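Here is a sequence together with a model predicted from it:
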Amino acid sequence: MSGPRFRFAPSPTGFFHVGGARTALFNWALARRLGGRFVLRIEDTDEARNRPEWTEGIISALEWLGISSTDPTFEGPYLQSDNAAAHLEAARSLVSSGQAYWCAMTPEEIAERATAEETTGYGGWSRDLGLEEGPGRVLRFRVPEGETMVIDSVRGEVVFDNSVIEDFVLVRGNGTPVFNLANVVDDRLMGITHVVRAEEHLSNTPKQQMLWEALGHVPPAWGHVPVLVNEQRKKLSKRRDKVALEQYREEGYLAEAMVNYLMTLGWSAGDDIEIRPWSEIESLFRLEGVNLSPAFFDVRKLGAFNGEYIRMMSPEEFTAECERWVPDSWDRDRLAIIAPHLQPRLVTFSDLEGTVDFLFGPVSMDQASWDKAMTSEFAPSLLVATRTAYADLPEWSAEALKQALESEMEPFELKLGKAQAPVRVAVTGRTVGPPLFESLEALGRDESLARIDSAITRLLG
RNA sequence: GCCCCCAUCGUCUAGUGGCCUAGGACACCACCCUUUCAAGGUGGCGGCACGGGUUCGAAUCCCGUUGGGGGUGCCA
């Protein structure tokens, strides 16, 4: 078991946060490039323990991102709760070495003292009281004097004055260990050498580092990456923002696009290239190159990346992917005919169904489109003429369809762009959509003619 | 309140004292192409938060101000 060990420690909440996804990717890239391990540890809470599907969700989300649990780089998942005994044991060792002590002050009393303005709250009240362990009593860490320097690969050296750090709780009144303790003990037990996580943890890092040292070990290398924020520049929250990775997956964003986009938030390889395959990202990624300020998660740019990745797919890949996003009842051959024309038009695959549904079921006529296309002077006669020409067309192909309409529109002195409008609306129900003649070809002669007929009937009464 | 972090176009970023009249991408606008809509091509709009230093020279270094963010729990 050699080589650096990076840990990723999400807490299951029923969805996988995009910010967490980026942190996971950072750790994964590092572990892969350095020939180390990506250690997944689930911070399972009481609630999560009763919902194994939450943990499964994390695994499947990671899998989607390309962080495969079957890859040799991947280790885990471990459950934090499995180590509960070790957490407490570490706490006890701190008591016997005098680095932790029992405290009887209740949260209410602390709040009272805080408002009384005489102290900051707890203020080390039972530091030297020599209290014994007892019901409801908490174990506190005896913060030493001096200062704590956190050496951070992203931010450099950050110094904290220990006097501003309260004697924090290690074990709750109910006997359970607290996050900071559990984390340190787990990291140590698992031989973690690098802790790369979001910046929101930076202020708590001196506490964890003191714990490492109090336990007699050398702390890991830290790396605090900036958080992801929304338009209001607030940390992304589930309440107000679309943060669930699963939701993007369901909307038809490609994993490769999501991964690539996430990696550009707060990091760049130092050149002008943004779109690049994971293999390159992996070999280029450096913690030292990570930005220091929060980044806005811009769905529009994600969409642009997704479009790029869609266009990069081979026609076969694209068609195969399309089939996954469309009802089973839809004719696959017909879908394959139109697919090439859809590829440059899609932003996400969830857009697919709505843009070609007219090929697979009855037209739903958009009233505004009808009004716009059918009120022109030439619409009725052109439609009739085109219908006649189409009925006798020897070959039902896009090219023939186009030529036929072009010759019918001549007397009206129109451009193709205008002339195709009535036919388009008659057949697709909308003014915008995939290329018309290719759509007609896919639809077939009978259905196309029927739709034009029904439009003519509606137009002429 | 106290502590910590941060600050280049609207957004994501390049930039580590002279190559910067600050580069790219997304978005936006215009034009071209065109079978609507896209895609593609060309061009445009737009930024170093502010004030002091240091220096021959500052987006880059230092100090301050302002502004943002995070932390400060018997949350994780």
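Nice, thanks for sending it over. Because the structure is predicted, anything quoted here is derived from the model rather than measured. Numbering: from 1, shown residues only, chains lettered A, B, ... in the order given.

Going by C-alpha atoms from here, please, whenever you check contacts or count neighbours.
Noted.

Show me where chain A dips below the pLDDT cut-off.
Applying pLDDT under 70 to chain A picks out residues A:1, A:114-120.

Check it for the residue nearest RNA strand B and tell me.
Nearest residue of chain A to RNA strand B (Cα to the nearest atom of the strand) works out as A:Gly266 at 2.7 Å.

which residue sits closest to that residue, ignoring its sequence neighbours?
Of all residues not flanking A:Gly266 in the chain, A:Asn291 sits nearest, at 4.8 Å (Cα to Cα, 6 or more residues apart in numbering).

hang on, isn't the one you found packed against A:Gly270?
No: at 11.1 Å, A:Asn291 does not count as touching A:Gly270 under the criterion of Cα atoms under 8 Å.

Show me which of these two is the more surrounded one.
A:Asn291 (16 against 9; other Cα atoms under 10 Å).

Tell me who's in contact with the most far-flung residue of chain A relative to its centre.
Ranking residues of chain A by C-alpha distance from their mean position (Cα atoms, centre = their mean) puts A:Pro411 at the top, at 55.1 Å. Contacts for A:Pro411 (Cα atoms under 8 Å, 6 or more residues apart in numbering) come out as none.

For my notes, confirm it occurs in a helix.
Yes: the assignment for A:Pro411 by DSSP: H, G, I helix; E, B strand; the rest coil puts it in a helix.

Point out the residues in the stretch 301-450 of chain A that sit beside RNA strand B.
Residues of the stretch 301-450 of chain A lying close to RNA strand B by Cα under 7 Å from any atom of the strand are A:301, A:304, A:308, A:344-346, A:398-399, A:402, A:416-418, A:420-421, A:431-438.

ok, of those residues, which come out buried?
The neighbour-count test (16 or more other Cα atoms under 10 Å) marks A:308, A:345-346, A:398, A:402, A:420-421, A:431, A:433-434, A:436-438 as buried among these.

Backbone dihedrals for A:Glu323, both of them.
phi -60, psi -30 (degrees, to the nearest 10).

Same check on A:Phe6?
The phi and psi values for A:Phe6, taken as degrees, to the nearest 10, are phi -100, psi 130.

burial measure for it, as a count.
29.

contacting residues for it?
A:27-28, A:30-31, A:36-39, A:192-196.

Going through these, which ones are buried?
Among those, those classed as buried by 16+ other Cα under 10 Å are A:27-28, A:30-31, A:36-39, A:192-196.

Of the residues you listed, which are in range of RNA strand B?
Among those, no residue is within reach of RNA strand B (Cα under 7 Å from any atom of the strand).

of these, closest to A:Arg332?
Nearest to A:Arg332 among the buried ones among the contacts of A:Phe6, counting by Cα to Cα, is A:Trp28 at 38.0 Å.

which residues touch A:Leu302?
A:257-258, A:261.

let me redo that: A:Asp272
Taking Cα under 8 Å, 6+ apart as the definition, A:Asp272 has no contacts.

Check the one 3 residues further on too.
With contacts defined as Cα under 8 Å, 6+ apart, the neighbours of A:Ile275 are A:260, A:305.

what secondary structure does it sit in?
Going by three-state DSSP: A:Ile275 is coil.

That one and A:Arg155: what is the separation?
Taking Cα to Cα, to the nearest Å as the measure, A:Ile275 falls 26 Å from A:Arg155.

List the buried residues in stretch A:293-305.
In stretch A:293-305, counting by 16+ other Cα under 10 Å, buried: A:294-297, A:302-303, A:305.

So which of these are in strands?
Residues of the buried residues of stretch A:293-305 located in strands (DSSP state E): A:295-296.

contacts for the helix or strand hosting A:Leu40?
Here A:Leu40, judged by DSSP states H and E, is contained in strand A:37-42. Strand A:37-42 is contacted by residues A:3-12, A:27-28, A:31, A:55, A:72-80 when judged by Cα under 8 Å, 6+ apart.
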